[in-house]
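Undergrad: coords please:
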Amino acid sequence: FSFKKQLYYSIIIQKNWRRFFVQLQFHFDLTDIILIQSFARMKLAQRDLSIQHCAASKIQGIIRQWIATNIFYQLQKQRYQEDKLRANVIFCQALIRRNIQRKEFLNILNCHRSAYIIQSTYRRYREKLLIIKIKEKIGVWIQAHCRGIVARKKYKENLLQISKLQRIWRGY
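TA: Now for the predicted structure:
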């Protein structure tokens with residue numbers, strides 16, 4: 001090999017070596033840059049994710065609060081309707097019980113009326129019997145008194161006639 005050729009080949013080798021080394025260095029630098037960028041992007045993404053997570057947590061909290069409030073109002077409305085229904089049921093039960101008690105009272109009243117009618121009829125019957133007995137007794141008493149009066153009158157008349165007969169007989 002000649003010197004010129006050696007120099008030429010050595011320049012080519014150096015040139016290629018430098019190019020290779022620069023490419024290799026560029027590749028390492030590019031890899032490092034990409035690694036740094038990915039790390040930076042990761043940190044930014046984590047920060048964004050953290051912000052999004054906080055925002056999502058806030059949104060979830062707001063939605064859960066809204067759902068809980070709606071459920072509370074629905075339960076309150078349902079409880080109000082149940083209370084209203086319960087009050088209506090109690091009112092209906094009271095009406096039914098009142099009607100049942102009224103019917104029972106009317107039945108008892110009818111029984112009492114029947115008993116009252118029976119008692120009053122019996123009392124009237126007993127009074128009629130008593131009046132009939134009294135009338136019979138009064139009739140007998142009146143007859144006895146009348147007969148007594150008549151008998152006393154006859155006795156007095158008889159006494160007068162006897163006294164007249166005795167006077168005549170005795171001669172006064």
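Undergrad: where does Ile142 fall, phi/psi-wise?
TA: The phi and psi values for Ile142, taken as degrees, to the nearest 10, are phi -60, psi -50.
Undergrad: and Arg41, how far is that from Arg147?
TA: Per Cβ to Cβ, to the nearest Å, Arg41 is found 151 Å from Arg147. The way it works is simple: take the backbone N, C-alpha and C, and place the C-beta from them, glycine included.
Undergrad: Actually, Ile134.
TA: As judged by Cβ to Cβ, Ile134 and Arg147 stand 19 Å apart.
Undergrad: now Lys103
TA: Look at Lys103 and Arg147: by Cβ to Cβ, they are 63 Å apart.
Undergrad: With Leu85 instead?
TA: As defined by Cβ to Cβ, Leu85 lies at a distance of 89 Å from Arg147.
Undergrad: Check Tyr73 too.
TA: On the measure of Cβ to Cβ, Tyr73 and Arg147 end up 106 Å apart.
Undergrad: now swap in Asp83 and tell me
TA: 91 Å.
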